[in-house]
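> just a sequence and a predicted model for now, questions to come.
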Amino acid sequence: MKIALDPYMFRSTPLLELPGLVAELGYEYLELSPREDFMPFFLMHRCDDATVKAFKKALDAAGVKVSSNLPLYRWSGPDEDERQAAVRYWKRAIEITVQLECTVRNSEFNGRPEQASRSEAKFWKSIEELLPVFEREGVELRLEPHPDDFVEDGLVAVDMIRGINSPSVSFLYCAPHTFHMGGNMVEIMEYAGDLMTHLHLADAFDHTASSGLRYITNPPGNTVRVHQHLDIGQGEVRWDLFFQTLKKLDFGAKAENIMTSCVFAWEDRARESTLFMRESIDKYTSGW
């Protein structure tokens, strides 16, 4: 199992200095999330081959590897022009991933929950175009349900991935989305079984608590989604049960599996938060 850092809280760090910082913080792997100067959210990359080569050289010098590359594109959005653009972005992003000697891309279902059937149709259309590229390039795709995507429920996400029916596609369980996925953490993880190859670690509060009044938004009944990416122990994810279930599933024994520290909430104490997360992960997995 690889333990990685999503360095989003350090995105103002110059790209070529990022690998050294990741190593300094105690991580051998990084999960490359969107950056405005490399692969921005929902847009085409902002880097040429020379930049990719320079970044790879900086990674090698720091002894850090890219465990996975996380793009976010509107490949399931109901707008066909945006979907076609997203497929183009995906193809170039896969090329960059290969140049970085990385074999894993992870992403979200995207789309719109209020247009779920239309978004699903767009998703399958994109999958039909992209899956041959993934398989040809030897790159895996790991998908997570996300609040405000057309797939939010964890069990539904697992079934969708099974429907893709490819060994190149598997399931990512994102702990801070636990309460949007249905709150049935153990059931989802056990239902996924070996299909669960990737984890995002951060804490969150249960927005459904207090009769749904934990968070009050106005006007009543609006469709806003609220979740956090906090340090372990700051929210209500049941971490003892989380790691017990992973041990039961033998998650840590599989070299291809990835566990990513994925805290976004504390840019004012990013270094402290990141070091704490590494220590917490080591504590929970030390018995494995």
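Structure's in. What do you need? Numbering: from 1, shown residues only.
> and the helix or strand of the chain with the lowest mean pLDDT, which residues are buried?
In the chain, no helix or strand scores lower on mean pLDDT, DSSP states H and E than helix 209-212, which sits at a mean of 89. Neighbour-count burial for helix 209-212 flags no residue at all (criterion: 16 or more other Cβ atoms under 10 Å). Backbone N, C-alpha and C define where each C-beta goes, glycine included.
> tell me the buried residues in the helix or strand following it?
Of the helices and strands lying after helix 209-212 in sequence (DSSP states H and E), the nearest is helix 239-248. Of the residues in helix 239-248, 239, 242-243, 245-246 count as buried by neighbour count, 16+ other Cβ under 10 Å.
> and whichever helix or strand comes after helix 239-248, which strands flank it?
Note on helix 239-248: by DSSP H and E, the next helix or strand toward the C-terminus is strand 258-261. Strand 258-261 sits in its sheet next to strand 2-5 (parallel), strand 196-201 (parallel), going by DSSP bridges.
> can you show me the CA trace of strand 258-261 as PDB?
Taking Å, rounded to 0.1, in the frame of the first residue of the first chain, the C-alpha atoms of strand 258-261 are listed here in PDB:
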ATOM      1  CA  ILE A 258      -3.400   3.900  -2.300                       C
ATOM      2  CA  MET A 259      -4.300   5.800   0.900                       C
ATOM      3  CA  THR A 260      -4.100   9.600   0.500                       C
ATOM      4  CA  SER A 261      -4.100  12.300   3.200                       C
END
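> next, residue 30: secondary structure please.
Taking DSSP: H, G, I helix; E, B strand; the rest coil as the rule, one finds residue 30 in the strand state.
> check contacts around it.
Contact analysis of residue 30 by Cβ atoms under 8 Å, 6 or more residues apart in numbering lists 4-7, 18-19, 22, 64-67.
> you'd agree residue 179 is up against residue 203?
No. Between residue 179 and residue 203 there is no contact under Cβ atoms under 8 Å: 11.0 Å.
> related to what we said a few turns ago, closest to residue 228 out of the strands paired with strand 258-261?
Residue 228 lies closest to strand 196-201 among those, at 12.6 Å (Cβ to Cβ).
> and the longest helix seen in the chain, C-alpha only, in PDB?
Secondary structure of the chain read by DSSP state H shows that its longest helix is helix 116-137. Provided in PDB are the C-alpha atoms of helix 116-137 (Å, rounded to 0.1, in the frame of the first residue of the first chain):
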ATOM      1  CA  ALA A 116     -29.100  12.300 -13.300                       C
ATOM      2  CA  SER A 117     -30.300  10.200 -16.200                       C
ATOM      3  CA  ARG A 118     -29.000  12.600 -18.800                       C
ATOM      4  CA  SER A 119     -25.700  12.900 -16.900                       C
ATOM      5  CA  GLU A 120     -25.400   9.100 -16.800                       C
ATOM      6  CA  ALA A 121     -25.900   8.900 -20.500                       C
ATOM      7  CA  LYS A 122     -23.100  11.400 -21.000                       C
ATOM      8  CA  PHE A 123     -20.900   9.500 -18.600                       C
ATOM      9  CA  TRP A 124     -21.300   6.200 -20.500                       C
ATOM     10  CA  LYS A 125     -20.600   8.000 -23.800                       C
ATOM     11  CA  SER A 126     -17.300   9.400 -22.300                       C
ATOM     12  CA  ILE A 127     -16.400   6.000 -20.900                       C
ATOM     13  CA  GLU A 128     -16.800   4.400 -24.300                       C
ATOM     14  CA  GLU A 129     -14.400   7.000 -25.800                       C
ATOM     15  CA  LEU A 130     -11.900   7.000 -22.900                       C
ATOM     16  CA  LEU A 131     -11.700   3.400 -21.700                       C
ATOM     17  CA  PRO A 132      -9.700   2.100 -24.800                       C
ATOM     18  CA  VAL A 133      -7.200   4.900 -24.100                       C
ATOM     19  CA  PHE A 134      -6.800   3.900 -20.500                       C
ATOM     20  CA  GLU A 135      -6.400   0.300 -21.400                       C
ATOM     21  CA  ARG A 136      -3.900   1.000 -24.200                       C
ATOM     22  CA  GLU A 137      -1.800   3.200 -22.000                       C
END
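> and it, which residues are buried?
The neighbour-count criterion (16+ other Cβ under 10 Å) identifies 116, 118-120, 122-123, 125-127, 129-131, 134 as the buried residues of helix 116-137.
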